[in-house]
Structure formats: structure tokens, C-alpha cells
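Colleague: How does the following fold in three dimensions:
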Amino acid sequence: MSKVAIVVAVNGGMQRDREGAKVPITPMEIAEDAALCAKEGAAIIHVHARDAEGRNTGDIAVYEDIIWRIRSASNLLVQTTNGIGVRRDPKTGESIWPTDEERLALLNINPKPDLYGIAAGSMDFWHPEGGYPGETAYVNSPNFLRSTLPAVYGSGSTVEFELTEVNVVHRLSRLADEGIIDRHASNLWMLHGGGIGNTPPTARALVYSVDEQKRLFPNAKWGVLGAGKAQFTMAALGIAMGCDTVRVGFEDNIYLPDGNPGRRNHELVAAVRRLVESIGREIATPAEARAMFGLTG
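Modeller: Purely as a prediction, here's the structure:
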């Protein structure tokens, strides 16, 4: 099997310190976690920006500070979200999702990230382990994808499609029919999840999702994530099935395989590295992950 690139999603948009787990919030804290995760074998760091109060933000200046600091502290490939995250209305407490304009503005970050991540479909978003205990509608329009994808691929990068549900693969297939993406490209990247929204963290669901993806996008790279204590169950399934990337980190889960909370993100990276190695697979370096996705930017 090919090597596995470990992606560490260090903070998310809403996750906070709890049970002894230290979630990095400031650019300096994120860079410190990046250095620790690099030593344990991570190849890619997935980041969300937070403001001075620790709330998620689309402020480009904060993202730029994060990227500069990560690259000064490690050689990890940097992946920014295109989701930003939900905000709470201070008067009503209602969830406010970012507009397409706010999200598209992240394409103007300089220095540019190495990779991007985007939810490829709309969903009833429920992610209690990531700080979203109440279900809320999360809209990702086809027009947003049509605007984002040409810019990302034109920059020599690629985007990780977060498959919110298996039927999202069919939406992406329609975009391929339109010529927005090349269904036979080898630098397409699909992320299959479990335990977020209404997708269960089960082998049956994962196998069906991966099979549909491979049928419609036969050369795409694919990865796996799990939420909460299902994180390492999903990781084990994906690694055994030949995934190209595996995601761990405090954005989705703070617990180690034994059920105890980790203190910093690198402890989860070390645990999944041991899982990869236990079945005879090897982890990819950042340089190997760059080659895996054909990055030229």
C-alpha cells in the first residue's frame, strides 16, 4: 500500500480546553503544536483562525500570521479551512454561518496555504465533540464550489472535499460533468467522515462511501476522520482499507485510543502513527505528501 499522510486538525472553530486537553487558539500556540506534531510524524496541519476572544474568525491577517508562524516552526504542509465556522448572535444566541463572500475571501491569504479544505455538500451539522452540541443547517452551495475550485486548482494546489454525506459524491460528479473538476485527476482529495452530522462511524457506512467515490472518481486520493471516541476506530478502518490520509486532532476529538483525554494534539498524532505502523504501513513525510497531491504552488 502507499504511504499514509497524517493530517492533524488542531483546533476547529468552537473547540475549547476541557478535561486537561489544551486546544491551541493563538497563532503562537498553533505553531507550538505544529512543531510537536511534526516530530511525531504529522505531514499536514489543518487550522482554523480565532480572534482575540478565542472565537472563530475569517480575518485574513490572523490566517497569515498563523501560516508564517507554522512555517517558522516546522515543515508541515498548511491546510486552511474554507468553512471558517459558525458564530453566535450575541443577542439571540442563534447560529450565524459565514457568507460565501467571507469564505471566498480566504483565497486571498498571503502567504498562501499549501492545501485547502471545503465541505462539499450541505448538511444538518451536529458535532458535539467539536463544540457543536445542537444540530444546525449548514449550507454549501454549488455556486460556492464553482467559484472556489477553479481558483484553488489554478494556484497549483488542491482541495480536500469533506463528504458530509455519501450523496455528496454525486453532486461532485455533476460538477465533473460540467468540467469544473476532472473526475480522472489523481490530485483530487476526498475525506470520508463518521460521527459528524448524520453519518454513523461504522464500517458499513465507510465502505459504501469509499466505493461510491472510487466508482465516480477512480484516481482520487482519499482520507478518513472520526469524531469523538470513534476517531481511532475510523482511523483503523481507513488505514486497513488503504486510505491515503488519516485525520486526528482536537477539532474532532480529544481522546486517546484508551479513552483518556490527550493533553496536546501531538499525543493523538503519535497514537495514530503507531496504528499505521502496527499493520505494516508507513507514514508520509511532508515532502512525500506534497508529491502525493502534485502541489506546485
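Colleague: Residue 162: what secondary structure?
Modeller: What DSSP: H, G, I helix; E, B strand; the rest coil gives for residue 162 is strand.
Colleague: oh, I was asking about residue 211
Modeller: helix.
Colleague: same thing with residue 180?
Modeller: Looking at residue 180 with three-state DSSP, the answer is coil.
Colleague: Thought residue 146 was touching it, still the case?
Modeller: Yes. Using CB atoms under 8 Å, residue 180 makes contact with residue 146 at a distance of 5.7 Å. Glycine gets a C-beta too; all of them are placed from N, C-alpha and C.
Colleague: In terms of neighbours, single out the busier of these two.
Modeller: The neighbour comparison of residue 180 against residue 146 (other CB atoms under 10 Å) goes to residue 180, with 17 against 13.
Colleague: wait, what's in contact with that one?
Modeller: If you count contacts by CB atoms under 8 Å, 6 or more residues apart in numbering, residue 180 has them with 145-146, 149-150.
Colleague: same check, this time on residue 187
Modeller: With contacts defined as CB under 8 Å, 6+ apart, the neighbours of residue 187 are 158, 221, 293-294.
Colleague: From these, keep the buried residues only.
Modeller: Neighbour counting by 16 or more other CB atoms under 10 Å classes 158, 221, 293 among the contacts of residue 187 as buried.
Colleague: got those as CSV, with pLDDT, secondary structure and distance to residue 192 columns?
Modeller: Supplementary listing: these in CSV, determined by pLDDT from 0 to 100; DSSP: H, G, I helix; E, B strand; the rest coil; distance: CB to CB, whole Å:
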residue, pLDDT, secondary structure, distance to residue 192
158, 95, coil, 17
221, 98, strand, 12
293, 96, coil, 17
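Colleague: if I look at residue 201, how far off is residue 70?
Modeller: 29 Å (CB to CB, to the nearest Å).
Colleague: More neighbours: which of the two?
Modeller: Taking other CB under 10 Å, residue 201 and residue 70 do not tie; residue 70 has more neighbours (25 against 21).
Colleague: How about that one: what's its closest non-neighbour residue?
Modeller: Excluding its sequence neighbours, the residue lying closest to residue 70 (CB to CB, 6 or more residues apart in numbering) is residue 34, at 4.6 Å.
Colleague: Please pull out the lowest mean pLDDT helix or strand from the chain.
Modeller: strand 87-88 (a mean of 70; mean pLDDT, DSSP states H and E).
Colleague: Output the contacting helices and strands for the very next helix or strand once past it.
Modeller: Per DSSP states H and E, the first helix or strand lying C-terminal to strand 87-88 is strand 95-96. Contacts defined by 3 or more CB pairs under 8 Å, 6 or more residues apart in numbering; DSSP states H and E place strand 95-96 against strand 87-88.
Colleague: Please enumerate the strands of the chain.
Modeller: 5-9, 44-47, 77-81, 87-88, 95-96, 115-119, 123-127, 132-138, 159-163, 189-194, 221-226, 245-248 (DSSP state E).
Colleague: Relative to the centre of the chain, find the outermost residue for me.
Modeller: In the chain, counting by CA atoms, centre = their mean, residue 91 sits farthest out from the average C-alpha position, at 30.8 Å.
Colleague: Tell me which residues touch residue 148, please.
Modeller: Taking CB under 8 Å, 6+ apart as the test, what residue 148 contacts is 82, 103-104, 107, 116, 118, 159.
Colleague: of those, buried ones?
Modeller: Members of these classed as buried by 16+ other CB under 10 Å are 82, 103, 107, 116, 118, 159.
Colleague: Hmm, residue 106 and the first one touching each other?
Modeller: Yes. Using CB under 8 Å, residue 82 is in contact with residue 106, at 5.9 Å.
Colleague: for the chain, which spans come out with low pLDDT?
Modeller: 88-90, 93, 126, 297 (pLDDT under 70).
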